[in-house]
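> let me see the structure of the following:
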Amino acid sequence: MSLDEVLTRLEILDSLEVFEPHWEESEGCFPGDLPFFLDPAQSTASRAFADLPPEVDALLVEAAQCVRENPALLHLAWHAYRLLFEHRDYPGHCIARWPSLEKSLPDRSGLFYLLIALAVVPLTRKAHQARGVPEAVTRDTCRDIHELIGYHRAKHGGAWGIYLRDLRWIRNYTSGALYTLGRLEYMVRPFYGKVRVYRHRPTGQVLALAEDGIRFDQQGHARAGKSDEDLAGGWTSRFAAGDKWITGYPISPFGVAVPREVRLPAHDWSPALAPGDTVLDVHIAAGGGMTPERCADSMRKALEFFPRYFPDQPFVGFACVSWILNPDIADFYSPRSNMALWQREVHLFPYPSDGRSGFLYVFGEEDIDVTTALRRTSLQRAMLDHLSAGRPLRAGGMFVLKEDFRFFGSGFYRSHWPPSALALEA
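This is a model prediction of the structure:
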């Protein structure tokens, strides 16, 4: 079928731009049999492996039958599957613009994309088997699709489906990049934090310096704005590293920059982490129970897992950017919360954000009215009160160097701040 014919039949003519790439190629390899992800036996097997409840089986089978009986939907499903999983260069922002298909599948449009998303299970199993990854790890990894489906169900009265924005994320599963090990998920990726970390050779203490040209407010938080008014009272970092001296602005493990330039003798400080270095990028799945003990257990498993199954990708430590790493959480929510307790064991660093970080995960959407938003949980109430008081909800970043993990649980980075080799006040 031609793309124009499909779009016309489905009444989604405004989707030409997002579906045009690779259409002819998809038509050229359209399967003579049913696409595997529409086979009831496959969808049931995928559902079971991902530990979704059996109650969704009948809905998936019914939705798949509707797709099979509509040639336009059938060809679109095949093309969407290929764009998602076989053309990794296809932009994620285009996936987020795919149509809802409400006119063709009233009350079932979410299931159309869920059928495609469940193809993640056999593809992930194949990728993991190629590396010899234990099936238990594969099951745990696939089980995390619960998180993505849960966002959709929470917003749509329990209806099964998956958000288009989350289809992009599951590409990480099928590529064999993402692994769930206990409470946390990991990917081997380049470090993208805007800090450079050094270790003091005589003492082993660690110092993070801000990259050159980072804009900070008066409190040392990274700013996303670019106007002079937005930076009022703030400052911009400088960084330089030479054969004799390293100069820059320190980042405290509490997640703020210090507005005082320091000069380090290069012979005393060795590089430990820089942008582009390979790290285990941490993803914090929804679900609660993120105790320091469970995090430590997960990170310990990661230190064993990745050298065994990715020996060609050595890493220098852990890193993460998340709303959970907001350095203000202990103040506006609770210093005894699991989020705050985890922060004490890692080295925080500032990361620019829009001032409403975490809304999507805590409230299910980003654009909400703080005066009318639901206040069902203590965290929702704390976040809304914080915003109502005129304070931003920040994102933040963290790192833990591999050789420092043995100190996890002792507040290592905070207990050694400021490094004794610097003349800084705590």
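> going by C-alpha atoms from here, please, whenever you check contacts or count neighbours.
OK.
> how does the protein divide into domains?
Listed by automatic domain parsing, the domain ranges of the chain are 3-176, 179-353+394-426.
> with mean pLDDT, distance to residue 371 and mean neighbour count added, can I get those domains in CSV?
Below are the domains of the chain laid out as CSV (pLDDT from 0 to 100; distance: least, Cα to Cα, whole Å; neighbours: other Cα atoms under 10 Å):
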stretch, mean pLDDT, distance to residue 371, mean neighbour count
domain 3-176, 94, 19, 17
domain 179-353+394-426, 93, 18, 18
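> export these to TSV and tack on distance to residue 388?
Below are those laid out as TSV (distance: least, Cα to Cα, whole Å):
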stretch	distance to residue 388
domain 3-176	24
domain 179-353+394-426	12
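> how about those domains, which one is nearest residue 363?
domain 3-176 (9.2 Å; Cα to Cα).
> end-to-end on that closest one?
By Cα to Cα, to the nearest Å, the extent of domain 3-176 from end to end equals 32 Å.
> center of the protein, which residue is that?
By Cα atoms, centre = their mean, the mean C-alpha position of the chain lies nearest to residue 283, the distance being 5.1 Å.
> please identify the helix or strand for the residue nearest to that residue when sequence neighbours are not counted.
If the residues on either side of it in the chain are set aside, residue 283 comes closest to residue 185, at 4.9 Å by Cα to Cα, 6 or more residues apart in numbering. Using DSSP states H and E, residue 185 maps to strand 184-190.
> mind giving me the packing neighbours of that strand?
strand 178-181, strand 278-283, helix 292-309 (3 or more Cα pairs under 8 Å, 6 or more residues apart in numbering; DSSP states H and E).
> tell me which element the closest residue to residue 57 other than its chain neighbours falls in.
Nearest residue to residue 57, sequence neighbours excluded (Cα to Cα, 6+ apart): residue 44, at 6.0 Å. Element membership for residue 44, per DSSP H and E: helix 40-49.
> next, the residues that contact that helix from outside, please.
Contacts to helix 40-49, defined as Cα atoms under 8 Å, 6 or more residues apart in numbering, come from residues 36-37, 53-54, 57, 60-61, 64, 115, 118-119, 121-122, 139, 142-143.
> hmm, which two among those are most spread apart?
The farthest-apart pair in the contacts of helix 40-49, when distances are taken by Cα to Cα, is 64 and 139, at 24.1 Å.
> check contacts around the residue nearest to residue 283.
With Cα under 8 Å, 6+ apart, residue 185 has these contacts: 141, 178, 179, 282, 283, 284, 285.
> which strand residues bridge it?
residue 180, residue 283 (DSSP bridges).
> next: residue 254.
Assigned bridge partners for residue 254, using DSSP bridges, are residue 348.
> surely it meets residue 349?
Yes. Counting by Cα atoms under 8 Å, residue 254 touches residue 349, with 7.3 Å between them.
> before we move on, the earlier item: any idea which of the domains of the chain gets closest to residue 367?
domain 3-176 (13.2 Å).
> what about that closest one, distance to the chain center?
Centroid separation between domain 3-176 and its chain, computed with Cα atoms, centre = their mean, to the nearest Å, is 20 Å.
> and the residue nearest to residue 343 when sequence neighbours are not counted, what does it touch?
Excluding the flanking residues, the one nearest residue 343 by Cα to Cα, 6+ apart is residue 325, at 6.7 Å. For residue 325, the contacting residues are 339, 343, 348, 395, 396, 397, 398, by Cα under 8 Å, 6+ apart.
> and residue 34, that's in a strand?
No. Residue 34 is assigned coil when assessed by DSSP: H, G, I helix; E, B strand; the rest coil, not a strand.
> quick one, what contacts the residue lying closest to it once chain neighbours are set aside?
Nearest residue to residue 34 in three dimensions, chain neighbours excluded: residue 68, at 8.0 Å (Cα to Cα, 6+ apart). Residue 68 is in contact with 34, 38, 74, counting by Cα under 8 Å, 6+ apart.
> work out for me the element the last one sits within.
To tie it back to what came earlier, the one meant is residue 74. Per DSSP H and E: helix 71-85 holds residue 74.
> and the residue lying closest to residue 82 once chain neighbours are set aside, how close does it get to residue 250?
Spatial nearest neighbour of residue 82, chain neighbours left out: residue 26 (7.2 Å); criterion: Cα to Cα, 6+ apart. Residue 26 sits at a distance of 52 Å from residue 250 (criterion: Cα to Cα).
> contacting residues for residue 313?
188, 278, 307.
> go on, residue 128?
Residue 128 neighbours (Cα under 8 Å, 6+ apart): 134, 138, 176.
> which one among those residues gets closest to residue 93?
Using Cα to Cα, residue 176 comes nearest to residue 93 of these, at 21.6 Å.
> roughly how far does the closest residue to that closest one other than its chain neighbours sit from residue 175?
With sequence-adjacent residues excluded and distances taken as Cα to Cα, 6+ apart, residue 176 is closest to residue 127, at 5.2 Å. From residue 127 over to residue 175 the distance is 7 Å, taken as Cα to Cα.
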